[in-house]
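Undergrad: When you get a sec, could you give me coordinates for this:
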Amino acid sequence: MYKLSLRPLTLSLLAGTCLSGQAIALEASGSAVSIDPAVNARGAGGARTLEVKGAVFMGDEIVAGPHGLAQIRFVDDTKIVIGPNSRLRIDTFVFNPNNTAEKVTVSALKGAFRFISGNSPHEAYKINTPTMSIGVRGTVLDINARGADSSVVFLSGSGTLCDGGGQCIDVTGDCAVHVAPRGGGFSAPTGQAAAQRLDVFFPFTQSQAGLDAAFQANTSGCQNASNHLLGPPPEGFKQRTTPPSNYGSH
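TA: Residues are numbered from 1 along each chain as shown. This next block holds a predicted model:
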């Protein structure tokens, strides 16, 4: 028998007797492992400030402020990082008694994110952004969603990207940037454009400071690509050690 993270429901008896206000107990989809200040949640679990070990539920929208950073672990060991100025919604989370997922759908609405798939079958996962949907296969990926487009970088594993018109492409974990503009289709910037997009829109590929070890990933491919594309850093250059607080606002 499947468990579902449910919204409260009001039940009515066919005989005409109403049991208004009776609610089905909520099943948590996961919990916060680490929270930097100014992260809020609203939805099935009510409006609240998210705290360490605080539960998250299907239907919740999690919003990080300018200095917020949330690291969420789901019951199947799926892990998501929500960066500053970012907003994510847990659309669907149906899980089995053995804590594997039957269906997981999240929407990366705005900002920067990291997704690390858990112990569930790859077909269970779907990530939506304003301009594309992402299917994953044993995957670690970083996502950016902003007004003009959404973009994704696969750090390991592989997946399928589909735009709003149904055009799909397969991608692998080579740290290549794939962009889905609002008009449909995909592009893969190269050279300086790719390196700049990694630096500006994918802060976790540049620095993983502040992330718990379980939420970190091997980003050496991104660093090697950036060094190859841009050449050696200029004299006096300093590697960024913390993500900028405004990277979700572009």
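
Undergrad: For the chain, give me the ranges with low pLDDT.
TA: Low-confidence segments of the chain (pLDDT under 70): 1-25, 224-250.

Undergrad: Let me see the ranges of the helices in it.
TA: For the chain, applying DSSP state H gives helices covering 191-201, 203-206, 220-230.

Undergrad: Any idea how many residues pack against residue 151?
TA: By the measure other C-beta atoms under 10 Å, the count of residues near residue 151 is 26. All C-beta spots, glycine's among them, are computed from the backbone N, C-alpha and C.

Undergrad: Residue 152 too?
TA: 26.

Undergrad: Ok, residue 148 next?
TA: Using other C-beta under 10 Å, residue 148 has 12 neighbouring residues.

Undergrad: can you give me phi and psi for it?
TA: Here is the backbone geometry of residue 148 (degrees, to the nearest 10): phi -80, psi -30.

Undergrad: surely it meets residue 181?
TA: Yes: the pair residue 148 / residue 181 is scored as a contact, 6.7 Å apart, by C-beta atoms under 8 Å.

Undergrad: what touches both of the two?
TA: Common neighbours of residue 148 and residue 181 are not found (criterion: C-beta atoms under 8 Å, 6 or more residues apart in numbering).

Undergrad: what's the closest of the helices of the chain to residue 94?
TA: Across the helices of the chain, residue 94 has its closest neighbour in helix 203-206 (28.1 Å, C-beta to C-beta).

Undergrad: before we move on, the earlier item: pick the most buried one from the helices of the chain.
TA: helix 203-206 (a mean of 23; mean count of other C-beta atoms under 10 Å).

Undergrad: how much space is there between the residue lying closest to residue 208 once chain neighbours are set aside and residue 139?
TA: The shortest distance from residue 208 to any non-neighbouring residue, by C-beta to C-beta, 6 or more residues apart in numbering, is to residue 216 (4.7 Å). Using C-beta to C-beta, to the nearest Å, residue 216 is found at 15 Å from residue 139.

Undergrad: out of the two, which sits in the busier spot?
TA: Remark: of residue 216 and residue 139, residue 139 carries more neighbours, 22 against 15, as counted by other C-beta under 10 Å.

Undergrad: do you know how far the residue nearest to residue 208 is from residue 190?
TA: 27 Å.

Undergrad: repeat for residue 72
TA: For residue 72, the distance to residue 190 - C-beta to C-beta - is 33 Å.

Undergrad: if you count what's nearby, which of those two comes out ahead?
TA: Taking neighbours as other C-beta under 10 Å, residue 72 and residue 190 compare with residue 72 leading, 27 against 12.
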